[in-house]
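Trainee: Fold the following.
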Amino acid sequence: MLSRFVPLPEPPDHSFFLWGPRQIGKSSVLRVRYPGAHYRDLLITEVYLRYLQHPGLLREEMASARPGRFIILDEIQKVPALLDEVHWLIENRGLHFGLCGSSARKVRRGHANLLGGRAVRYEMFGLVAAEIGAGFDLTRALNRGNLPKHYLSQADQAKRLQRAYIQDYLTQEVAAEGLVRNLPAFSDFLRAAALSDAEMVNYTNVARDCGVSAPSVREYFQILVDTLLGRFLQPYTRRAKRRTVQAPKFYFSSVGVVNALARRGDLEPGGELFGKALENWICHELTAWQHYSERFYELSYWRLSSGQEVDFVIGDAQSAIEVKAAMRVDHHDLKGLRQFKTEYPEVQRRILVSLDPIARRTEDGVELLPVGDFLAELWKGEVV
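Mentor: As a prediction, this is how the structure comes out:
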């Protein structure tokens, strides 16, 4: 089993929520790190029904547990009423809980008890290059995605798993939880959204493509965020001297899911879709690093109305990062980073990440890093 970087407390001296997309490996990590914990899996039908009908059973079962005992409730969003019992047990019995789930949407929308600061929030992501180690294969990653079973499977099996993942998401996450009324329309939306992955969000265009209203599309995107299947990247607009684009970008949490939804073929270096997939992967690595390192720099992108842009800005211009799937970088690829320096002269590092195998620095200070070098620096904490 690969070692995962999510910074959970060891020993578990406080209660926490662990959120992450389906099949990301949350349950496996919890079982490995806390082998002595009481474990309740709400995906098991009889366990789910027992607590759904009588949430108070949890309090009765833990009546004799000593203070500090650690209890894991997996898929907590399926029975939000259990959170009232968890709250009471934390306050009155001194117990610690690991509360694991793939969606906080049902919990929040049902006004369930989120424990009022009594539980720390952690988020888990798909595999990153540093977790995979020396065997990391970029082309494999961009075709299969970062979900452990998908990345580690053979190519044909990975494609079957991607399709099954989407179907399970629609039936078990969306339909079963009653998140949308029109499941066929939401399914059409998923494909339209995948075709615009890593691009600025235009609700009207997506609505036209899938035959629903723009407000419905806005709500559908929020469902993807709430179920941790994707995230928005907001524009960097601080102290702007020139007119900047205000629309957010959207990135799916796994490029493998994008490939399946958009019905892409095999991606190879040199193609436009390979470049989009690479940008998605770098967004994934930056987001995971941001959470796992617990440095929590804001991540954004920058784009002028004239079209010049930088894919990722870390913090308050600590680093500006452009991603190109080019085997050889030329001066056209550097325009965005150079313009960003004009707008924000205080930027500390400007990095162009590409497939060019030679690391170097331009005369005006732009660093050209191969993908592998950049990811190694990122996980050493050296990019910022």
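
Trainee: need the helices for the stretch 101-250 of the chain, in chain order.
Mentor: Applying DSSP state H, counting those that start in this stretch to the stretch 101-250 of the chain gives helices spanning 105-109, 129-132, 138-144, 148-152, 155-168, 183-195, 203-210, 214-226.

Trainee: By mean pLDDT, flag the weakest helix or strand of the chain.
Mentor: Here the helix or strand of the chain ranked lowest by mean pLDDT, DSSP states H and E is helix 105-109, holding a mean of 65.

Trainee: list the contacts for Gly315?
Mentor: Tyr297, Glu298, Val384 (Cβ atoms under 8 Å, 6 or more residues apart in numbering). Yep, even glycine has a C-beta here, placed from its N, CA and C like the rest.

Trainee: Correction: the previous question concerned Ile358.
Mentor: So Ile358 contacts Leu368, Pro370 (Cβ under 8 Å, 6+ apart).

Trainee: Per-residue confidence, it, what does it come out as?
Mentor: Ile358 is assigned 93 on the pLDDT scale.

Trainee: Also Lys380?
Mentor: For Lys380, the predicted pLDDT is 96.

Trainee: Surely Val212 touches Asn182?
Mentor: Yes. Counting by Cβ atoms under 8 Å, Val212 does reach Asn182; the two are 7.4 Å apart.

Trainee: Look at those two and report which has more neighbours.
Mentor: Of the pair Val212 and Asn182, Val212 is the one with more neighbours under other Cβ atoms under 10 Å, namely 20 against 13.

Trainee: how close does that one sit to Trp88?
Mentor: 42 Å (Cβ to Cβ, to the nearest Å).

Trainee: got a list of contacts for stretch 181-197?
Mentor: With contact meaning Cβ under 8 Å, 6+ apart, stretch 181-197 is reached by 166, 170, 174-175, 180, 202, 205-206, 209-212, 216-217, 220-221, 223-224, 230, 250-252, 255, 257-258, 261-263, 276, 280.

Trainee: and stretch 326-345, C-alpha only, in PDB?
Mentor: Provided in PDB are the C-alpha atoms of stretch 326-345 (Å, rounded to 0.1, in the frame of the first residue of the first chain):
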ATOM      1  CA  ALA A 326       5.700  21.700 -25.000                       C
ATOM      2  CA  MET A 327       8.800  19.700 -25.500                       C
ATOM      3  CA  ARG A 328      10.700  22.900 -26.300                       C
ATOM      4  CA  VAL A 329       9.800  26.200 -24.700                       C
ATOM      5  CA  ASP A 330      10.000  29.400 -26.800                       C
ATOM      6  CA  HIS A 331       9.500  33.100 -26.100                       C
ATOM      7  CA  HIS A 332       5.800  32.900 -26.800                       C
ATOM      8  CA  ASP A 333       5.300  30.600 -23.900                       C
ATOM      9  CA  LEU A 334       6.800  33.200 -21.500                       C
ATOM     10  CA  LYS A 335       4.500  36.200 -22.400                       C
ATOM     11  CA  GLY A 336       2.100  35.700 -19.500                       C
ATOM     12  CA  LEU A 337       4.800  35.400 -16.800                       C
ATOM     13  CA  ARG A 338       6.600  38.400 -18.200                       C
ATOM     14  CA  GLN A 339       3.400  40.500 -18.200                       C
ATOM     15  CA  PHE A 340       2.600  39.300 -14.700                       C
ATOM     16  CA  LYS A 341       6.000  40.700 -13.500                       C
ATOM     17  CA  THR A 342       5.100  44.000 -15.100                       C
ATOM     18  CA  GLU A 343       1.800  44.100 -13.200                       C
ATOM     19  CA  TYR A 344       3.200  42.700 -10.000                       C
ATOM     20  CA  PRO A 345       7.000  43.400  -9.700                       C
END
